[in-house]
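S.K.: please find the sequence and the predicted model below.
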Amino acid sequence: MLWSVTGVGQHQIVVGAALLFQEAQTASSLQAVWGPWALKLPAAIGAKIGCPNETVWCMAGDGSLQMTIQELATAARRETAIKIAILNNGYLGMVRQWQEMFFGKRLCCYAPVGPDFVKIAEAYGIPGLR
């Protein structure tokens, strides 16, 4: 079985569209977990600990992953082999989208300083790819 854990944001929309396509095209087993904005990384770690023989993907936006990025230490310490895919668009995508659509493009509080996620993963002893 394949697990996909995501939070709330544009990355959730991308994952949802991809999962709908996959389910329509194949008969593979898939378990999707949708949660609050910053829950995805801790939830993915918990899913992997609970189902150690399953593949677990944490699907994250770059802004929201930073809310719980310290949990990479937990993943490394517990040797949980989760996979993390980051939609790295350089800002809080859904916040910016709503500000553009409903608030006359008055933008504020949407641009986090984006770290180098590969270097952060490597700092915890976790392999990272770009």
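M.R.: Right, received. Where do you want to start?

S.K.: which residues of this structure fall in helices?
M.R.: 10-25, 40-50, 62-65, 72-78, 93-102, 117-123 (DSSP state H).

S.K.: how far away is G114 from E122?
M.R.: 16 Å (CB to CB, to the nearest Å). To be clear about C-beta, it is placed using only N, CA and C from the backbone, and glycine gets the same treatment.

S.K.: equivalent analysis for V95, please.
M.R.: On the measure of CB to CB, V95 and E122 end up 29 Å apart.

S.K.: who has more neighbours, those two?
M.R.: V95 (17 against 12; other CB atoms under 10 Å).

S.K.: buried set for stretch 122-130?
M.R.: Y124, I126 (16 or more other CB atoms under 10 Å).

S.K.: tell me the mean pLDDT for that stretch?
M.R.: For stretch 122-130, the mean per-residue pLDDT is 93.

S.K.: try stretch 48-57
M.R.: 90.

S.K.: any idea how far G125 lies from E79?
M.R.: Counting by CB to CB - G125 and E79 are separated by 10 Å.

S.K.: whoops, A123 was the one
M.R.: From A123 to E79 the distance is 16 Å (CB to CB).

S.K.: give me the buried positions along stretch 48-65.
M.R.: For stretch 48-65, burial by neighbour count (16+ other CB under 10 Å) applies to K48, V56, W57, C58, M59, A60, G61, D62, G63, S64, L65.

S.K.: got TSV for these, with distance to G90 too?
M.R.: TSV is the format used below for these (distance: CB to CB, whole Å):
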residue	distance to G90
K48	28
V56	26
W57	22
C58	19
M59	17
A60	14
G61	10
D62	7
G63	9
S64	13
L65	13
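
S.K.: mind picking the two most distant members of those residues?
M.R.: Taking CB to CB as the measure, those span a maximum distance of 23.3 Å, between K48 and G63.

S.K.: tell me the one among the buried residues of stretch 48-65 nearest to L87.
M.R.: G61 (5.1 Å).

S.K.: can you give me the pLDDT of that closest one?
M.R.: Reading off the model, G61 has pLDDT 81.

S.K.: just A18 next, same as before
M.R.: At A18, the model reports a pLDDT of 65.

S.K.: what do you get for the one 4 residues further on?
M.R.: The confidence metric pLDDT takes the value 51 at Q22.
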